[in-house]
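In: Here is my input, please return the structure:
(one chain, ligands or ions: 2)
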Amino acid sequence: MISVKEAQSKIQENSRILNSVSKSVENALDQVLSEDVKSPIHMPPFSQSAMDGYAIGSQGNTFKLVGEIQAGADSSGMTLKSNEAVRIFTGAMIPNGTFAVAKQEIVEKNKTEIRITEKQKHLQNIRPLGEQIKKGDIALPKGTVITPGTAGFLYTLGVNQVSVTKKPNIIILSTGNELVPPGQELSPGKIYESNTYTLKTALKKFRIQVTIKTVEDNYEATKKSIQESLNECDILITTGGISVGDYDFVGKAMEEVGVESIFYKIKQKPGKPIFFGKRNSKVVFGLPGNPAAALSCFYLYVTPGIRKMCGISDVSLEKRTLKLTSDYTKSKNLTHFLKAKCYGDKVAILGAQSSAMLSSFASANCLACLPEGQSEWKKGDAIEVYILP
Ligand code: AMP
Ligand code: MG
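Out: Ligands and ions are numbered 1, 2, ... in the order given. You can find the predicted model right below:
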């Protein structure tokens, strides 16, 4: 049995970053750049007017109006003399010889001349060539997550294709004779199968498609299903059948199909009987069957593994340190992860903490972490919580 921290670091050590794939930027949302993106252009690609106004040839105050430059027009062949000005618009290319752009609000004009009512500084209201980024400079480093903001920046540079780390193929395999899919009639002795649906829903936040499989509590069938799944996926998540019951076949089946055990059991509640192993580059999480334990373990252990494989450097759920709203007592030997609700700088531990109950998860927004080695907390004590995504 290992500690929570040891388990978390073993998962990081044993999960590899997946290969990269070329994708259109619009289809790469939330994925991670697997290479630096260098800017193929200077941005802006030419010196631009930042205002609607007049490009003026010197710091003087009256100028002869010699023309007009609209956004999109090529004025590279034009040179202003010191007594000349041109009408210019935001985003338009400034002509050679421009001292500054005077915004139109400070300009008086007649047909042939303009007069500036405020003194202009050199290069005022001009966005210089390459002000934002120079051609060949790194626009976004490897490891950057594609967000609307990063995508937008890439588009402004004309980049619409990027190399990103692949997303893992995931299979969730549920075990248990007692399980019936939601929507069907429950016969005596049966319960609804919720784990695969819950985890599939949680994975939607990662925009990861999953394949769901189910198997009865039968050793040969479990072995076959695990074997087949390992040939098809990068990450296999099983639920149930990993404890010590006579019909818990997952651990033995894993061993039989060549999965190397990295750890089994974490000093925690809920979810003590959790298995993590690997076969070559594939990793396997054997989650407990109890629904609340399965979901807690998914957030605490599976998501950091997925994030690592996706190339994300910050793998953990967001952590905050908050003040307890009431006293709490637990046994010293295990870390407890408790469904909780945080608001402001406070956190309240919810009722119904049994690993078989999801009702408290339904109103939780975080998991409070009460570490092993301590058994008592007083109202107002600071504790760490993991914010649920
Ligand atoms: P197990 O670890 O297989 O003994 O399962 C522990 C508890 O979780 C039992 O009460 C199971 O009925 C329940 N359970 C296991 N798998 C699921 C599932 N996929 N959905 C809902 N409950 C489950
Ligand atoms: Mg079972």
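In: what pLDDT does Q120 get?
Out: You'll see Q120 listed with a pLDDT of 96.
In: residues in contact with whichever residue of the stretch 201-350 of the chain sits closest to ligand 2?
Out: Residue nearest to ligand 2 within the stretch 201-350 of the chain (C-beta to the ion): G240, separated by 3.9 Å. C-beta: built from backbone N, CA, C; applies to glycine. Counting by C-beta atoms under 8 Å, 6 or more residues apart in numbering, G240 makes contact with S174, T175, G176, N195, D248, V250, L287, P288, G289.
In: secondary structure element for S9?
Out: helix 4-14 (DSSP states H and E).
In: mind listing what's buried in that helix?
Out: Neighbour counts using 16 or more other C-beta atoms under 10 Å place V4, A7, Q8, I11, N14 of helix 4-14 among the buried residues.
In: Stretch 152-163 now?
Out: Buried positions in stretch 152-163, judged by neighbour count with 16+ other C-beta under 10 Å: F153, L154, L157, V159, V162, S163.
In: Over to stretch 69-83?
Out: In terms of neighbour count (16+ other C-beta under 10 Å), stretch 69-83 has its buried residues at I69, S75, M78, L80.
In: cool, stretch 257-268 as well?
Out: Buried positions in stretch 257-268, judged by neighbour count with 16+ other C-beta under 10 Å: V257, V259, I262, F263, Y264, I266, K267, Q268.
In: contacting residues for V385?
Out: Counted by C-beta under 8 Å, 6+ apart, V385 has contacts K319, R320, T321, L322, A340, C342, V347, C366, L367, A368, C369.
In: All the helices of this protein, residue numbers only.
Out: Using DSSP state H, the helices of the chain run over 4-14, 148-156, 195-204, 219-232, 250-256, 291-297, 303-309.
In: now those helices in TSV, with distance to ligand 1 and mean pLDDT?
Out: Output for the helices of the chain, formatted as TSV (distance: least, C-beta to the nearest ligand atom, whole Å; pLDDT from 0 to 100):
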stretch	distance to ligand 1	mean pLDDT
helix 4-14	18	98
helix 148-156	36	98
helix 195-204	3	97
helix 219-232	11	98
helix 250-256	8	98
helix 291-297	5	98
helix 303-309	19	97
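In: Now distance to V283 too, for these, in TSV please.
Out: As requested, the helices of the chain are arranged in TSV below (distance: least, C-beta to C-beta, whole Å):
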stretch	distance to V283
helix 4-14	6
helix 148-156	28
helix 195-204	15
helix 219-232	10
helix 250-256	11
helix 291-297	14
helix 303-309	6
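In: can you list the residues of the stretch 201-350 of the chain near ligand 1?
Out: T239, G240, G241, S243, G245, D248, P288, G289, N290, P291 (C-beta under 6 Å from any ligand atom).
In: switch the cut-off to 5 Å
Out: Contact residues (C-beta under 5 Å from any ligand atom) of the stretch 201-350 of the chain with ligand 1: T239, G240, G241, S243, G289, N290.
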